[in-house]
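Engineer: Make a model of this:
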Amino acid sequence: MNKFFLLLLSTLSLASCQNQQEQQQEQQEQEPAVQDSPEKTRIPVILDTDANNELDDQHAIAYLLFNQEIFDVFGITVNATMNGGDIDQHYLEARRMLDLCDADNIPLVKGANDDYADIIPDVDEERYDGKEAVDFIIRSAREINDTKLVLIPIGKLTNIALALQQAPDIREKVRIVWLGSNYPEPGEYNQDNDTTAMNYILNTDVPFEMVTVRYGKPSGSDAVRVTPEEINEKMAGKGPAVEPVEGRHGGTFTHVGDYFVSLFSNIDLHGDPPSRALFDVVAVAVLKDPSWGQAKEIPAPILVNNQWEERPDNPRKIIVWENFDTGAISQDFFSAFN
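Structural biologist: Just a heads-up that it's a prediction; the model follows:
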């Protein structure tokens with residue numbers, strides 16, 4: 001009797017366990033599997049710079065390089081504008097920034113000295129002004145299949161316009177985010193250095209975004225400003241320790257933050273309090289976080305006799321960036337070097 005009773009209990013227990021296992025298996029099949037979230041894809045970029053112009057290019061280069069968890073930096077191309085000497089001087093300053101940021105692995109390529117209109121008659125020659133950078137941009141764009149290569153020109157648009165002209169196939173493979181223009185008002189340094197390149201791009205079917213400057217206006221990147229006191233307090237000693245690098249104004253530097261202090265002590269200041277705009281940093285910042293600016297789509301205008309002419313019926317659209325979150329961008333700029 002006892003043996004029969006124990007056997008019955010064992011059979012019932014086994015049946016209960018099997019039933020629980022079947023229920024658990026059925027529940028698991030019905031519930032969606034929990035998967036690890038995929039790694040966020042970095043944004044492929046090329047920065048195009050007139051690095052020796054003043055000091056915002058240097059800030060933008062360093063900010064980009066210290067955000068490589070966000071950006072896949074294919075390389076840096078260089079152009080020459082009216083300030084800062086010829087292409088060799090701009091190249092040297094960009095090289096200095098790569099060394100100070102301990103980023104010697106990033107390709108650095110010379111581009112155009114002259115402007116688009118002067119270069120375009122020679123583009124069928126074996127060698128022409130800017131060819132090295134133009135070829136690098138074209139080659140990099142063609143390497144990417146699943147996303148667009150973002151071109152971030154923070155000087156004149158010559159290298160970019162030449163690349164689009166030489167290789168029309170890349171127009172669908174790139175997105176241009178340019179720091180330039182006081183639109184809808186005339187003028188602005190980057191724009192005035194090559195209006196022909198800008199007009200070519202405005203008339204070309206390619207994604208084009210203008211991160212406005214608007215000198216003295218709260219709606220442009222000119223409003224994103226820092227003072228020498230902020231630079232001295234927040235940047236001194238910041239950045240990786242590197243081999244000594246000779247500065248543009250003399251002296252040697254082993255930290256990029258100390259070089260920024262030197263740049264600020266050797267440049268004119270404007271405004272109240274006396275300060276300088278971060279300008280070029282803003283183009284990188286709104287790529288990192290689009291909520292730091294307002295983007296609006298407009299029919300592409302054109303510049304005629306240095307005045308903006310609206311084309312409301314133009315089916316080609318561009319993006320205009322304005323009204324930037326000055327506090328968020330400044331804070332993120334400084335935090336990138338910690």
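
Engineer: Do you have the helices of the protein handy? List them.
Structural biologist: Using DSSP state H, the helices of the chain run over 2-30, 56-65, 87-100, 116-119, 131-143, 158-166, 189-193, 195-202, 228-235, 256-264, 280-288, 326-335.

Engineer: Now do the last one against helix 256-264, angle only.
Structural biologist: Going by axes from the mean of the first three to the mean of the last three C-alpha atoms, to 10 degrees, helix 326-335 is angled at 120 degrees with respect to helix 256-264.

Engineer: what comes up buried for helix 326-335?
Structural biologist: Buried residues in helix 326-335, counting neighbours by 16 or more other C-beta atoms under 10 Å, are found at T326, I329, S330, D332, F333, F334. Just so you know, the C-beta spots here come from the backbone N, C-alpha and C atoms, and that holds for glycine as well.

Engineer: Which one of the residues you listed is nearest to D289?
Structural biologist: D289 lies nearest to D332 out of the buried residues of helix 326-335, by C-beta to C-beta, at 7.6 Å.

Engineer: Was I right to think that closest one contacts S291?
Structural biologist: No - D332 lies out of contact with S291 (C-beta atoms under 8 Å); the separation is 11.5 Å.

Engineer: Contacts only, for the nearest residue to T212 once chain neighbours are set aside.
Structural biologist: Spatial nearest neighbour of T212, excluding adjacent residues (C-beta to C-beta, 6 or more residues apart in numbering): G220 at 4.5 Å. Counting by C-beta atoms under 8 Å, 6 or more residues apart in numbering, G220 touches N182, T212, V213, R214, E322, F324.

Engineer: For stretch 255-275, which outside residues touch it?
Structural biologist: Contact with stretch 255-275 is made by 54-55, 58-59, 62, 96-97, 100-101, 225-228, 231-232, 235-242, 245, 247-249, 251, 253, 276, 337, as judged by C-beta under 8 Å, 6+ apart.

Engineer: in the chain, what spans have low per-residue confidence?
Structural biologist: 1-40 (pLDDT under 70).

Engineer: what's near enough to touch the residue lying closest to S291 once chain neighbours are set aside?
Structural biologist: Spatial nearest neighbour of S291, chain neighbours left out: D325 (7.3 Å); criterion: C-beta to C-beta, 6+ apart. Shown in contact with D325 (C-beta under 8 Å, 6+ apart): S291, W292, G293.

Engineer: got a winner among the residues you listed for most neighbours?
Structural biologist: Among these, the one with the most neighbours (other C-beta atoms under 10 Å) is G293, at 23 neighbours.

Engineer: my guess is that residue contacts W321, does it?
Structural biologist: Yes - applying C-beta under 8 Å as the test, G293 and W321 come out as touching, 4.7 Å apart.

Engineer: Common neighbours of these two, please.
Structural biologist: Taking C-beta under 8 Å, 6+ apart as the criterion, G293 and W321 both touch V211, V282, V286.

Engineer: any chance of the residues you listed in TSV, with neighbour count and distance to K148 too?
Structural biologist: As requested, those are exported to TSV (neighbours: other C-beta atoms under 10 Å; distance: C-beta to C-beta, whole Å):
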residue	neighbour count	distance to K148
V211	28	17
V282	31	20
V286	23	16
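
Engineer: okay if I get those residues as TSV plus distance to L157?
Structural biologist: Output for the shared contacts of G293 and W321, formatted as TSV (distance: C-beta to C-beta, whole Å):
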residue	distance to L157
V211	13
V282	17
V286	18
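
Engineer: separation between the residue nearest to S291 and V174?
Structural biologist: Going from D325 to V174 by C-beta to C-beta, to the nearest Å gives 26 Å.

Engineer: Which residues are in contact with the closest residue to P44 other than its chain neighbours?
Structural biologist: Nearest residue to P44 in three dimensions, chain neighbours excluded: D72, at 4.6 Å (C-beta to C-beta, 6+ apart). By C-beta under 8 Å, 6+ apart, the contact set of D72 is R42, I43, P44, V45.
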